[in-house]
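Asker: could you work out the structure for the sequence below:
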Amino acid sequence: MMRKIATPTWLLTLFIMATTAAILLVMGQPAICACGTVEFWAGGASSPKTSQMIADWYVPSHIIHGFLFYGLFHLIWRRRPIEHRFLGAVVLEAVWEVVENSPPVLERYRAVTIEAGYFGDSVLNSMADIGWMALGFFLARKLPVWALVTLAIIFELAAAYFIRNNLTLSVLMLTYPIEAVKEWQAAGGTL
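Answerer: A predicted model of the protein is given here:
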């Protein structure tokens, strides 16, 4: 029988998220979209609402983070309670949200990817991204490895098809930009 996550863990998760939100606000990230609306879905790859709303085409990347973080903490903290492993995943995702929205990383996105006008996530989007990662973590806890690998492949292929970007391509372009990939991404439209 699988044990539930205890209430203190959820409270600590909320504290980590609130701290992350405060850091992002101090860094100058907007609380919500500059457009003044809060919407569930922003469907464009590079629209002004992308990375500003609750969900967009980058949600699969954050769910995959949850798969990966579950696997990482299963390997390194196997004997620790699930609450510790979950909190480790939340901290990693929170750190990523801060790093991703830091001036050097934002400048790197603008310099080497097709996201020339990218100015980072809204705090709402970053908090939702932590939630999407948590969903991925709990899916990884419940599903067999073959199902997770299948889902990750489907997510990556769907995002590549619809927006010509995904977790793999984002990591590639941030760490080792390839002009041919950038040109391919720029040639695509948004849905």
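Asker: gap between I178 and T113?
Answerer: I178 sits 11 Å away from T113, taking C-beta to C-beta, to the nearest Å as the criterion. Placement of C-beta: from N, CA and C, glycine included.
Asker: equivalent analysis for A140, please.
Answerer: Counting by C-beta to C-beta, the gap from A140 to T113 is 28 Å.
Asker: of those two, who's got more company?
Answerer: When neighbours are counted by other C-beta atoms under 10 Å, A140 comes out ahead of the other of A140 and T113, with 24 against 21.
Asker: what's the nearest residue to the residue most central in space within the chain if we skip its chain neighbours?
Answerer: The residue lying closest to the centre of the chain (C-alpha atoms, centre = their mean) is H62, at 3.3 Å. Closest residue in space to H62, ignoring its immediate chain neighbours: W132 at 3.8 Å, by C-beta to C-beta, 6 or more residues apart in numbering.
Asker: so who does the one you found touch?
Answerer: A55, V59, H62, I63, H65, G66 (C-beta atoms under 8 Å, 6 or more residues apart in numbering).
Asker: apply 7 Å and report the result again.
Answerer: V59, H62, I63 (C-beta atoms under 7 Å, 6 or more residues apart in numbering).
Asker: count the neighbours of the first one for me.
Answerer: By that I understand V59. Using other C-beta under 10 Å, V59 has 21 other residues around it.
Asker: do the same with the last one
Answerer: As a burial measure, I63 scores 24 neighbours (other C-beta under 10 Å).
Asker: look up how far V90 lies from the nearest residue to it once chain neighbours are set aside.
Answerer: Take I63 and drop its neighbours on the chain: the residue closest to it by C-beta to C-beta, 6+ apart is G136, 3.7 Å away. Here the distance between G136 and V90 works out to 12 Å (C-beta to C-beta).
Asker: now do Y161
Answerer: To V90, Y161 is 30 Å away according to C-beta to C-beta.
Asker: which of those two has more residues huddled nearby?
Answerer: The residue with more neighbours, out of Y161 and V90, is V90; 25 against 11, by other C-beta under 10 Å.
Asker: and the helices in this structure, which stretches?
Answerer: In the chain, the segments counted as helices under DSSP state H are 7-26, 59-76, 82-100, 103-112, 123-142, 145-163, 167-175, 179-187.
Asker: out of those helices, which is closest to W41?
Answerer: Smallest distance to W41 across those (C-beta to C-beta): 9.2 Å, for helix 59-76.
Asker: which residues touch the closest one?
Answerer: 85, 88-89, 92-93, 129, 132-137, 139-141, 148, 152, 155, 158-159, 166-167, 170.
Asker: also stretch 177-184?
Answerer: So stretch 177-184 is contacted by V112, T113, I114, R164, L169, L172, M173 (C-beta under 7 Å, 6+ apart).
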